[in-house]
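J.: Model the structure of this input:
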Amino acid sequence: MFFQKYFRYIVIALLALLYLGSVWQRPLYIDTEFRQAEIAREMMATAPMPEFCGELLPGEPPLVHWVNAAVMALTGEQPAAVRLAGALATLLTAGVIFLLGRRSGVPRLAEAAALVWLFSAAVFAAGTSGGGDALFVFFNTLTLAMFSFAATESALTRRCAYLALCGVGWALAMLCRGAEALPMAVIPAAVFLVWRKEWKSLLVLPWVPLAVAALIVAGCAMACRVNLMEWFPFPPEAAGGGTFPLAWLILPLAGTLPWILFLPMVWHGYRIDFAGAGKIPLLRFALCMLLMGVVVPFFPAGGAAFRFLPCLPAAAILFAFGMLRASDRGDYWWVNRVMNLLVWCLLPFPLLLFLLQTLAKFTRRVPSELVVYRFHENYYLPVVALMVMVIWFRMASREPGGARKFGCFCVGLAFLFLSAPVSMPWRFVRDFAPEAFLRQVAVPRAAGDTVVLANGSLRAAAAWTLKRSDVGTLEAMPVNGGVLELPRERGLLVITDDEAQVRRMPAPKTTYRAGGVFVVHYPGSSGGAK
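T.: The predicted model follows:
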């Protein structure tokens, strides 16, 4: 009785644990996380304007850096400080999706859409990393949700309140991504009103959020003493140098895993009553939100992995509706087939991993290429997590009801998501998690007045690990006769992941290596740093 009464709150607590617990479980990764962490560390000691290696960044909207610096001031200089805001923002985005679903009039759509959002691969990756993408997605989704509420609200007071909240969310989205937030909100809202033929609303509704957003953004620009055009450059620089990378076609599909596997079921759900689905305002608005992907090639912010993340709340709503419609008809043939296929495909992995690692540990006769984890690494957690996930998938395939079926499926995914950050073997992460190596090798040799140089991809990692804001750029060093000219008057430490650069450095030198990361040490003329 107690469990049934407080079931919703228990689920919310477990989802919060899934995201908030994951941000503490792994080191920082190159390059974005180190850069965000270093900017937040320098901001705590200097000024409210973002700084990186002692250089002001007036062209970067500051909100993500402000939030990271505030969290770091509360929690200390640790990796979780730049991820905590993203995890909270992802959970809050699920709350906004839940509110949208509650107003749709479709039973269970709110809960289903929120779960599809939280258990999507790209959402979990962005929500537990320190890139700032999750914070932008939350404010952008909040903006569009408030506009949707205003467009369907008849009471004037409530409509104005929704529009004001829309403006606040829009301003905060601009303070996260600058000019990219402008079309992300305008395109879905305008197309939605045109689709509904609300020509008067198209001319009236935008003014309140536009005024509120302009006041907030202009006030922040005046407080930071920056020119607004630095945050809103025109024309914007095209991402990828004007090209359209193939990754942008693949990653949106990979980001919707595992739900993309159930696409035939979703399609069947819409075919049951396609005309009726098209009359639901929320589904129309979700389709309009997908148009945000059109503006992706025109803005350089963020990597291809998370470029389409703002579209995923709409995709979660559309996926959830189709699956619910098919579930109401009791059509689980495709779902059961997919889950059984997943069971048989995934089952050999934990068994094979356990067998190889155990043989390697006790016999030392397994080839090193087949040994995934080193001898001192714990491989029991991924084995147990994969086995538990397979068991829950099998239970899901045998459940007759839709709610319990997808509940078991989400529990299995939760085990995988929670164990993934701490289950990565060191041989896979050492190239993009170099803090432990740098702390062991570089920190003892960077004392005193030692000069530190690093190439672009490792400069943030070097500054964060050494707690120095004077790390120079290795690419700025001149080349004479194929040899880099380096300052040798004092002790010098060079950090790079380019082996060709290491070969061009003058001798004598002492080189340390871990994976693809190199540390080259030149003692000073008086003996160097000890």
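J.: so what secondary structure elements neighbour the host helix or strand of Leu165?
T.: Per DSSP states H and E, Leu165 falls inside helix 156-177. If you count contacts as 3 or more C-beta pairs under 8 Å, 6 or more residues apart in numbering; DSSP states H and E, helix 156-177 packs onto helix 63-75, helix 133-151, helix 181-195, helix 207-224. All C-beta spots, glycine's among them, are computed from the backbone N, C-alpha and C.
J.: hey, which of these is tucked in deepest?
T.: Neighbour counts (mean count of other C-beta atoms under 10 Å) averaged over each of the helices and strands packed on helix 156-177 peak at helix 133-151, with a mean of 26.
J.: average pLDDT across that one?
T.: Helix 133-151 carries an average pLDDT of 95.
J.: other SSEs contacting it?
T.: Secondary-structure packing of helix 133-151 (3+ C-beta pairs under 8 Å, 6+ apart): helix 63-75, helix 84-102, helix 121-127, helix 156-177, helix 181-195, helix 207-224, helix 281-289, helix 312-328.
J.: Looking at the third one now, give me its mean pLDDT.
T.: In this model, helix 121-127 carries a mean pLDDT of 92.
J.: can you check the fifth one too?
T.: Along helix 181-195, the predicted confidence averages to a pLDDT of 93.
J.: if you skip the residues just before and after it, what's nearest to Phe52?
T.: Nearest non-adjacent residue to Phe52, counting by C-beta to C-beta, 6 or more residues apart in numbering: Ile39, 5.2 Å away.
J.: Do I have it right that that neighbour meets Met72?
T.: No: if you go by C-beta atoms under 8 Å, Ile39 and Met72 don't touch, sitting 10.0 Å apart.
J.: Which pLDDT value goes with the nearest residue to Trp464 once chain neighbours are set aside?
T.: Nearest non-adjacent residue to Trp464, counting by C-beta to C-beta, 6+ apart: Glu38, 4.5 Å away. pLDDT for Glu38: 94.
J.: residue ranges with poor pLDDT in the stretch 401-530 of the chain?
T.: 525-530 (pLDDT under 70).
J.: Report the contact partners of Leu342.
T.: Pro258, Leu261, Val390, Phe393 (C-beta atoms under 8 Å, 6 or more residues apart in numbering).
J.: So what touches the host helix or strand of the third one?
T.: If I follow you right, that is Val390. Under the criterion DSSP H and E, the helix or strand holding Val390 is helix 380-398. Helix 380-398 has contacts (C-beta under 8 Å, 6+ apart) with 335-336, 339-340, 342-343, 346-347, 349-350, 353-354, 405-409, 411-413, 415-416, 418-420, 422-423.
J.: Pretty sure Glu77 sits in a helix.
T.: No: per DSSP: H, G, I helix; E, B strand; the rest coil, Glu77 lies outside any helix segment and is coil.
J.: Check the gap between it and Glu38 for me.
T.: Computed as C-beta to C-beta, to the nearest Å, the Glu77 to Glu38 distance reads 10 Å.
J.: what about these two, which has more around it?
T.: Legend: neighbour count by other C-beta atoms under 10 Å for Glu77 and Glu38, higher for Glu38 (27 against 14).
J.: Quick check: the more buried one touching Phe52?
T.: Yes: between Glu38 and Phe52 there is a contact under C-beta under 8 Å: 6.3 Å.
J.: joint contacts of those two?
T.: The contact lists of Glu38 and Phe52 share Ala460, Ala463, where a contact means C-beta under 8 Å, 6+ apart.
J.: Buried residues, stretch 450-459. List them.
T.: By 16 or more other C-beta atoms under 10 Å, the buried positions in stretch 450-459 come out as Thr450, Val451, Val452, Leu453, Ala454, Asn455, Ser457, Leu458, Arg459.
J.: can you pull the contacts of the nearest residue to Ala189 once chain neighbours are set aside?
T.: Using C-beta to C-beta, 6+ apart and skipping the chain neighbours, the partner closest in space to Ala189 is Phe147 (5.0 Å). By C-beta under 8 Å, 6+ apart, Phe147 lies in contact with Tyr162, Leu163, Cys166, Ala185, Ala189, Leu205, Pro209.
J.: one more time with 10 Å, if that's ok
T.: 162-163, 165-167, 169-170, 185, 188-189, 192-193, 205-206, 209, 285 (C-beta atoms under 10 Å, 6 or more residues apart in numbering).
J.: same thing with Phe136?
T.: Taking C-beta under 10 Å, 6+ apart as the test, what Phe136 contacts is 61, 63-64, 86, 89, 126, 172-177, 180-181, 184, 301-302, 306, 309-310.
J.: ok, the nearest residue to it once chain neighbours are set aside to Leu359 distance?
T.: Of all residues not flanking Phe136 in the chain, Cys176 sits nearest, at 4.1 Å (C-beta to C-beta, 6+ apart). Here the criterion is C-beta to C-beta. By it, Cys176 lies 50 Å from Leu359.
J.: Between the two, point out the one with more neighbours.
T.: Cys176 (26 against 14).
J.: Using the three-state scheme, assign Pro61.
T.: Going by three-state DSSP: Pro61 is coil.
J.: ok, it - contacts?
T.: Here Pro61 is in contact with 50, 132, 136, 172-181, 217, 220-221, 224, 226, 230-232, 301 (criterion: C-beta under 10 Å, 6+ apart).
J.: Kindly report the same for Gly278.
T.: So Gly278 contacts Tyr270, Arg284, Leu287 (C-beta under 10 Å, 6+ apart).
J.: can you check Phe432 too?
T.: Going by C-beta under 10 Å, 6+ apart, Phe432 touches 27-31, 33-34, 457, 461, 497, 515-517.
J.: Include secondary structure and distance to Arg8 when you put those residues into CSV, please.
T.: Output for the contacts of Phe432, formatted as CSV (DSSP: H, G, I helix; E, B strand; the rest coil; distance: C-beta to C-beta, whole Å):
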residue, secondary structure, distance to Arg8
Pro27, coil, 35
Leu28, coil, 35
Tyr29, coil, 34
Ile30, coil, 40
Asp31, coil, 40
Glu33, helix, 33
Phe34, helix, 38
Ser457, helix, 45
Ala461, helix, 42
Asp497, coil, 47
Gly515, coil, 45
Gly516, coil, 47
Val517, strand, 47
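J.: For the residue nearest to the spatial centre of the chain, give its distance to Tyr19.
T.: With distances taken as C-alpha atoms, centre = their mean, the residue of the chain nearest its centroid is Ala126 (1.4 Å). Taking C-beta to C-beta as the measure, Ala126 and Tyr19 are separated by 11 Å.
J.: Quick check: neighbours shared by these two?
T.: Common neighbours of Ala126 and Tyr19 (C-beta under 10 Å, 6+ apart) are Gly86, Ala87, Ala89, Thr90, Ala134.
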